[in-house]
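> all I have is the shape, not the residue letters:
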């Protein structure tokens with residue numbers, strides 16, 4: 001009996017020693033999973049050479065800048081007008097903008113077909129009707145707006161109308177950014193809403209007309225007139 005108890009104690013001690021030794025073993029180092037290699041991207045067909053870009057830049061200077069300068073200097077001879085030659089956004093702003101319009105298009109169940117660039121010009125005043133400051137009065141500018149594709153009639157720029165039930169509905173615009181009058185331009189109640197607003201255009205400003213809709217238009221980049229950096 002004593003031998004049995006002694007053997008049992010020895011067995012229990014051996015079990016504890018084995019368990020203790022196994023628990024003290026260092027964990028295997030986790031091998032970091034390598035990031036998948038990026039698939040090389042082919043240059044778009046629309047990429048042009050630096051030489052071609054410089055040629056187009058100079059052509060704009062010869063064929064457009066002089067006309068603009070002449071006109072603006074005639075309007076205000078006391079102050080020399082410098083024509084803006086380029087605008088820019090920081091890269092993160094562009095990435096955020098693309099994510100934003102994709103998000104809003106998805107809410108409205110519409111696919112973005114193209115990203116349209118409009119040439120524009122700031123009015124000769126210090127602020128818009130809603131109080132938003134104008135950084136570069138009279139200067140050329142551009143703005144971006146997404147379009148969606150109508151299989152029968154081509155691409156249309158659009159904005160989002162949110163109804164009282166929280167539904168997001170894409171509203172088509174004509175090429176000159178007026179509301180498109182079409183039976184396909186959202187449900188009947190939205191069309192009636194848009195038509196009734198459009199009929200008030202002579203009485204209401206355009207900013208008021210579009211106030212309760214969700215715009216997808218990007219503007220207010222950093223426009224750069226001369227002098228230039230070497």
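Alright, I've got the coordinates. Because the structure is predicted, anything quoted here is derived from the model rather than measured. Numbers count the residues shown, from 1 in each chain.
> how about residue 109, phi and psi?
phi 60, psi 50 (degrees, to the nearest 10).
> how many neighbours does it have?
10 (other CB atoms under 10 Å). (Each C-beta comes from the backbone N, C-alpha and C, glycine too.)
> roughly how far apart are it and residue 215?
19 Å (CB to CB, to the nearest Å).
> which non-adjacent residue is nearest the residue nearest the centre of the chain?
By CA atoms, centre = their mean, the mean C-alpha position of the chain lies nearest to residue 97, the distance being 2.0 Å. Among residues not flanking residue 97 along the chain, residue 218 sits closest, at 5.2 Å (CB to CB, 6 or more residues apart in numbering).
> what's the neighbour count on that neighbour?
21.
> quick one: it from residue 42, how far?
Residue 218 is 27 Å from residue 42, where distance means CB to CB.
> likewise residue 104?
Distance, residue 104 to residue 42, using CB to CB: 29 Å.
> by residue count, what's the longest strand in this protein?
What stands out as the longest strand in the chain, according to DSSP state E, is strand 140-150.
> can you map out the helices along the chain?
2-23, 50-60, 66-75, 91-107, 188-198, 206-209 (DSSP state H).
> least confident of the ones you listed, on average?
Lowest mean pLDDT within those: helix 206-209, at a mean of 46.
> picking up where we left off before, what about the longest strand of the chain, average pLDDT?
Averaging pLDDT along strand 140-150 gives 93.
> name the helices or strands packed onto that strand?
Using 3 or more CB pairs under 8 Å, 6 or more residues apart in numbering; DSSP states H and E, the elements in contact with strand 140-150 are helix 91-107, strand 114-121, strand 154-162, strand 168-173.
> ranking the ones you listed by burial, who's on top?
Ranked by mean neighbour count under mean count of other CB atoms under 10 Å, these are led by strand 168-173, which reaches a mean of 20.
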